[in-house]
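Q: give me the fold of what follows.
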Amino acid sequence: MTIRPRRSALYLPASNARAIAKARELPADVIILDLEDAVAPDAKAEARAQVVAALGKGGFGTRELVVRINGLDTEWGEADLAALACSNAAAVLVPKIASASDLSAYRSKLGGSTPLWAMIETAASLFRLDEIAGADGLEAFVMGTNDLAKETGARLGGSRLPFVGALGLAVAAARAHGIAILDGVFNDIEDEAGFVAEARQAVDFGFDGKTLIHPRQIEPCNIAFSPDAADIAWARRILAAFDEPGNTSKGAIRVDGKMVERLHLHRARSVLAVAGSD
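A: Numbering: from 1, shown residues only. Sure thing, here's the model as predicted:
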């Protein structure tokens, strides 16, 4: 399985052709072309056409190109899925998921093998995280903290205290089912220190990366989610130890006096994949 770095995932309005063109040069690991919240109702059809054109033209290099569509409960959702059915999008990000059955409806209409990513942004979804994470064809969770705050009436302060439980459980569900998970956005573009603090908090939670709303957030996000020299050195020692002839079939071994299991091996590979993305 290919391990992809997903430190930074930048939302871009799919109605903005200039922004899409610029995205081909931005250092984000993931570009999310947004057909949902960022596009006005009267611009949906044009935005959809621009997404199809961008996917056909390519030129995004190693960046993972994901499209967030409108929900099937809207007048645009089915057309979005039809347009992406034969595209080369890396994934389709679906909004307002509350259960695994919601994902099944999208999977059925999308067809093919394009992976799905799920927005975790409804209060109901928090009680079904394990079920959703285990759905067929799901590759990632994306936290929608703004919508969660709106639904629950919670306040998004610097500590994000009301969401500590939800964020931790979402990460646990993602890890239990081997899918990626990205943290929600930080709203104050001008508050660089606040963004860095929240990105570091997301690292502590165990997120793979963070969703962004402005290009200026990409660099500090990549820095926050990139392993340091000590992490890289430790990951290399783990891989080397498991590669030794006597250890290739073992579930747990000793490395530098510490017990290391195969779950640490997967983490070590992820660290080195991220380290090699710069």
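Q: so what touches stretch 31-45?
A: Contact with stretch 31-45 is made by 9-15, 20, 23, 47-48, 51, 54, 60, 63-71, 76, 79-80, 93, 95, 211, as judged by Cβ atoms under 8 Å, 6 or more residues apart in numbering. Where you see a C-beta, it was placed from the backbone N, CA and C, and this is true even at glycine.
Q: quick check: buried residues in it?
A: 31-36, 38-39, 43-44 (16 or more other Cβ atoms under 10 Å).
Q: SS state for the residue of the chain most remote from its centre?
A: Using Cα atoms, centre = their mean, the residue of the chain lying farthest from its centre is residue 246. It sits 36.7 Å away. Residue 246 carries the three-state label coil when classified by DSSP: H, G, I helix; E, B strand; the rest coil.
Q: what's it sitting at in phi/psi?
A: phi -80, psi -10 (degrees, to the nearest 10).
Q: show me where the stretch 1-150 of the chain has its strands.
A: Under the criterion DSSP state E, counting those that start in this stretch, strands of the stretch 1-150 of the chain are mapped to 8-13, 30-34, 64-68, 91-94, 116-120, 138-143.
Q: equivalent analysis for the stretch 151-278 of the chain, please.
A: Under DSSP E, counting those that start in this stretch, the stretch 151-278 of the chain gives strands at 180-183, 209-212, 252-255, 258-261.
Q: which elements pack onto the second one?
A: Taking 3 or more Cβ pairs under 8 Å, 6 or more residues apart in numbering; DSSP states H and E as contact, the helices and strands that strand 209-212 lies on are strand 8-13, strand 180-183, helix 192-205, helix 218-225.
Q: as TSV, these with distance to residue 234 would be great.
A: As requested, the helices and strands packed on strand 209-212 are exported to TSV (distance: least, Cβ to Cβ, whole Å):
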stretch	distance to residue 234
strand 8-13	23
strand 180-183	22
helix 192-205	16
helix 218-225	17
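Q: compare the ones you listed and give me the one nearest residue 131.
A: Among those, strand 180-183 comes nearest to residue 131, with 15.5 Å by Cβ to Cβ.
Q: so what does that closest one touch, helix or strand wise?
A: Applying 3+ Cβ pairs under 8 Å, 6+ apart, one finds that strand 180-183 contacts strand 138-143, helix 164-176, helix 192-205, strand 209-212.
Q: dump the ones you listed into TSV; add distance to residue 121 and mean neighbour count as well.
A: Converted to TSV, those look like this (distance: least, Cβ to Cβ, whole Å; neighbours: other Cβ atoms under 10 Å):
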stretch	distance to residue 121	mean neighbour count
strand 138-143	7	25
helix 164-176	11	17
helix 192-205	16	17
strand 209-212	11	27
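Q: in JSON lines, list those along with distance to residue 241.
A: Output for the helices and strands packed on strand 180-183, formatted as JSON lines (distance: least, Cβ to Cβ, whole Å):
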{"stretch": "strand 138-143", "distance to residue 241": "29"}
{"stretch": "helix 164-176", "distance to residue 241": "22"}
{"stretch": "helix 192-205", "distance to residue 241": "25"}
{"stretch": "strand 209-212", "distance to residue 241": "28"}
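Q: reformat these as JSON lines; add distance to residue 239 and mean pLDDT.
A: Below are the helices and strands packed on strand 180-183 laid out as JSON lines (distance: least, Cβ to Cβ, whole Å; pLDDT from 0 to 100):
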{"stretch": "strand 138-143", "distance to residue 239": "24", "mean pLDDT": "98"}
{"stretch": "helix 164-176", "distance to residue 239": "20", "mean pLDDT": "96"}
{"stretch": "helix 192-205", "distance to residue 239": "22", "mean pLDDT": "97"}
{"stretch": "strand 209-212", "distance to residue 239": "22", "mean pLDDT": "98"}
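Q: nearest to residue 123, out of the ones you listed?
A: The closest of those to residue 123 is helix 164-176. By Cβ to Cβ, the value is 9.3 Å.
Q: centre of the chain to the closest one, how far?
A: Relative to the mean C-alpha coordinate of its chain, helix 164-176 is positioned 14 Å out (Cα atoms, centre = their mean, to the nearest Å).
Q: which of the residues in the lowest-mean-pLDDT helix or strand in the chain are buried?
A: Using mean pLDDT, DSSP states H and E, helix 262-275 stands out as the lowest-scoring helix or strand of the chain, at a mean of 84. Neighbour counts using 16+ other Cβ under 10 Å place 264-265, 267-268, 270-272, 274-275 of helix 262-275 among the buried residues.
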